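Asks: sequence-free structure coming up:
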């Protein structure tokens, strides 16, 4: 360390004048000389400082090979613990010298030729090893040597056994290990020390036991997905920071904690028959919510918080030094290219990569407090209907917002404007399939659509990397929620006349789309129970329709229901009968009460397409009297009409596309059905 000392100029003690004494020329001469010495001292210090920064730059660059060597050895050690790694990670055997371009190398991108390695500022920042059929041991100790590792994604592989000791990686911000074969109970303290963790996805494994309470102590956690496991017991009282949350299809029980009651989409909790309370709509017997313990923090977390403060201070000092270094390099005439900034909100792709290829996707949550300047200098909403009240983007961003759910293409939010008007804002990131003018034209086309069974698009916002679509809020929620939410004496399941009314309305809406958009092969594309809303009079309203032309092709193929039809899965064939298949699935779900949601999860189309075929076959194999949903009431003298509708649904799911009926014929058959047998 250098210590700079420059004493201020002062006259000699023997010549110090009194306050009332006039300064004589010798004293003035001495003061000028002292001031000059003081300035010279400071100039020397500046020279020393500049020289020191230069030495530090040279020193840092000389240390870079040592850092790169350590990261390379750590990755090769991690690879040696994996099975099937030699094939998919072959370029790790004979790679460039280091995994990441070092600072000063002029690399314009954080990417590297090392498969699955993502770099930032010359260090390994993330590993994305999805869909590689990897197995063996996840060597956490080897990853410990990657000091800048912040994101780890090992989704859709074949790892088995208990949860590795990821808590050793206390600086991780994102951890994705869904769709593996991990099992056993997770220790209650498994996530203590991971105070930086923001996103955790462990869905689609075989974990059991209670949900670790150490997750509920994290004040930074914004996303938690643990669906499709075997967790049991109560749901911990998570802090209100969560934005994305899903615990469906486990064995959880008891009341939903108060901190999670704002998740209006009940599908986040479905598949846990013993759960109760909002948003499921069921009442918990003799339970006092006031006794629910608030989220707590442990002493360990307090220590980690203090450590975080220290790390923040050190990071700030490092940042200042980095700025000085860049300034020096600029003066010395070295070119520098900007590295892409992966912020705290960055994350890997969702629980299934697109098309089997690992894709890095940044995901920033919609913030009602964001200013329009953040979204762009010309940020404004484009309204499509004259019969709707208008508002600007600033009003929307100031509105109180509530997360409704996260789907295949993005998130949905309920926003209540200052005048009390409630709208739904759907945020899409997978809409870069067409140019700006084509997108605007397609939105105008959607704005011209008008039918009692279509939820109208009232406004939209365009930016290259993301789009916002604005609809009016529908209070009764989705058909999926009506069918699969917990039913009680006060809130019974849908009766037969209501279900028939909904299916008839859906058919009318589809028929309108086919009539108004004759040039589109797939006029809807994503028809499913969660995309059918129900208004106060139980009339159905279709949403997310006619998005195929603007959605990225890979995302449409892997996420939209229409593309899971057998003719597309087996032959890649696209026709207007894809929507007929989707309507058939919806009819069967409505009549049987069975949830095909697991089959409709986004992911590899061939896998879920075959599961849907088996789901349909299982319904065909049941006796008629055992097929219908037991929640249906008032079915006296209606069994004949119910059987007719069920058969229409099965005909829509005909595997041979040539034998499957056209949409017009299906709609006519549905409209001829009555509530009672003739």
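Replies: Sure, I can see it. Only a predicted model underlies this, so the values are computations on that prediction, with no experimental measurement involved.

Asks: What strand or helix carries the residue lying closest to residue 649 once chain neighbours are set aside?
Replies: Leaving out its chain neighbours, the residue that sits closest to residue 649 by CB to CB, 6 or more residues apart in numbering is residue 587, at 3.2 Å. Glycine gets a C-beta too; all of them are placed from N, C-alpha and C. Residue 587 belongs to helix 577-592 when elements are defined using DSSP states H and E.

Asks: which other helices and strands contact that helix?
Replies: If you count contacts as 3 or more CB pairs under 8 Å, 6 or more residues apart in numbering; DSSP states H and E, helix 577-592 packs onto helix 479-484, helix 496-516, helix 566-571, helix 605-620, helix 639-652, helix 663-671.

Asks: Between the ones you listed, which one is closest to residue 83.
Replies: helix 605-620 (22.2 Å; CB to CB).

Asks: Just the mean pLDDT for that closest one, thanks.
Replies: For helix 605-620, the mean per-residue pLDDT is 63.

Asks: per-residue pLDDT, the residue nearest to residue 675 when sequence neighbours are not counted?
Replies: Sequence neighbours aside, residue 497 is the residue nearest to residue 675 in space, at 4.7 Å (criterion: CB to CB, 6+ apart). We have a pLDDT of 92 for residue 497.

Asks: cool, and the one 10 residues further on?
Replies: The predicted local distance difference test score for residue 507 is 96.

Asks: Nearest residue to residue 76 in space, please, no chain neighbours.
Replies: residue 92 (6.5 Å).

Asks: wait, what's in contact with the one you found?
Replies: For residue 92, the contacting residues are 75, 76, 79, 85, 114, 115, by CB atoms under 8 Å, 6 or more residues apart in numbering.

Asks: about what we covered before: out of the helices and strands packed on helix 577-592, which one sits most buried?
Replies: Among the helices and strands packed on helix 577-592, the stretch with the highest mean neighbour count (mean count of other CB atoms under 10 Å) is helix 479-484, at a mean of 24.

Asks: Walking through the stretch 151-300 of the chain, point out its helices one by one.
Replies: 299-331 (DSSP state H, counting those that start in this stretch).

Asks: ok, back up a step: and the residue nearest to residue 675, how close does it get to residue 70?
Replies: Between residue 497 and residue 70 the computed distance is 70 Å (CB to CB, to the nearest Å).

Asks: pLDDT weak spots in the stretch 351-500 of the chain?
Replies: For the stretch 351-500 of the chain, the stretches with pLDDT under 70 are 351-379, 389, 406-408.

Asks: if we can go back for a sec, any idea which of the helices and strands packed on helix 577-592 gets closest to residue 400?
Replies: helix 479-484 (21.9 Å).

Asks: Remind me what the closest one packs against, helices and strands.
Replies: Helix 479-484 sits against strand 532-534, helix 577-592, with contacts defined as 3+ CB pairs under 8 Å, 6+ apart.

Asks: Figure out which of these is closest to residue 204.
Replies: Of the helices and strands packed on helix 479-484, nearest to residue 204 by CB to CB is helix 577-592, at 21.1 Å.

Asks: Can you give the distance from that closest one to the centre of its chain?
Replies: 28 Å (CA atoms, centre = their mean, to the nearest Å).

Asks: for the record, mean pLDDT for it?
Replies: Rounded mean pLDDT across helix 577-592 is 92.

Asks: just stretch 88-102 next, same as before
Replies: Stretch 88-102 comes out at a mean pLDDT of 76.

Asks: Report the distance from it to the chain centre.
Replies: Worked out by CA atoms, centre = their mean, stretch 88-102 lies 30 Å from the chain centre.

Asks: now residue 147, nearest residue through space, not along the chain?
Replies: residue 123 (7.2 Å).

Asks: contacting residues around that neighbour?
Replies: The contact partners of residue 123, by CB under 8 Å, 6+ apart, come to 67, 71, 100, 146, 147, 148.

Asks: Kindly state the pLDDT recorded for it?
Replies: Predicted confidence (pLDDT) for residue 123: 88.

Asks: how far away is it from residue 250?
Replies: 37 Å.

Asks: which residues of the stretch 101-250 of the chain score low on pLDDT?
Replies: 102-111.

Asks: Apply 80 and report the result again.
Replies: 101-113, 218-219, 239-241, 243 (pLDDT under 80).

Asks: still on that earlier bit, need the helices and strands packed on helix 577-592 in CSV with distance to residue 446, can you?
Replies: Output for these, formatted as CSV (distance: least, CB to CB, whole Å):
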stretch, distance to residue 446
helix 479-484, 21
helix 496-516, 10
helix 566-571, 24
helix 605-620, 25
helix 639-652, 25
helix 663-671, 19
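
Asks: Out of those, which gets nearest to residue 170?
Replies: Nearest of the helices and strands packed on helix 577-592 (CB to CB): helix 605-620, 35.4 Å.

Asks: For residue 383, name its beta-bridge partners.
Replies: Going by DSSP bridges, residue 383 is paired in beta bridges with residue 459.

Asks: Quick one: residues contacting the nearest residue to residue 88 once chain neighbours are set aside.
Replies: Counting by CB to CB, 6+ apart, residue 88 lies nearest to residue 132, which is 4.3 Å off, once chain neighbours are set aside. Counting by CB under 8 Å, 6+ apart, residue 132 touches 84, 88, 89, 116, 157.

Asks: Just the buried subset of these, written out for ChimeraX, thanks.
Replies: Restricted to buried positions by 16 or more other CB atoms under 10 Å, the ChimeraX selection for these reads:
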select :88,89,116,157
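
Asks: per-domain residue ranges of this structure.
Replies: Domain assignment for the chain by automatic domain parsing gives 162-297, 366-473, 489-678.

Asks: Centre of the chain to the shortest one, how far?
Replies: What that stands for is domain 366-473. 18 Å.

Asks: same question, the longest one
Replies: Offset of domain 489-678 from its chain centre (CA atoms, centre = their mean): 27 Å.

Asks: Show the end-to-end separation of it, please.
Replies: End-to-end distance for domain 489-678, by CA to CA, to the nearest Å: 31 Å.

Asks: going forward, begin numbering at 192 instead of 1
Replies: All right, first residue 192 from here; so that's domain 680-869.
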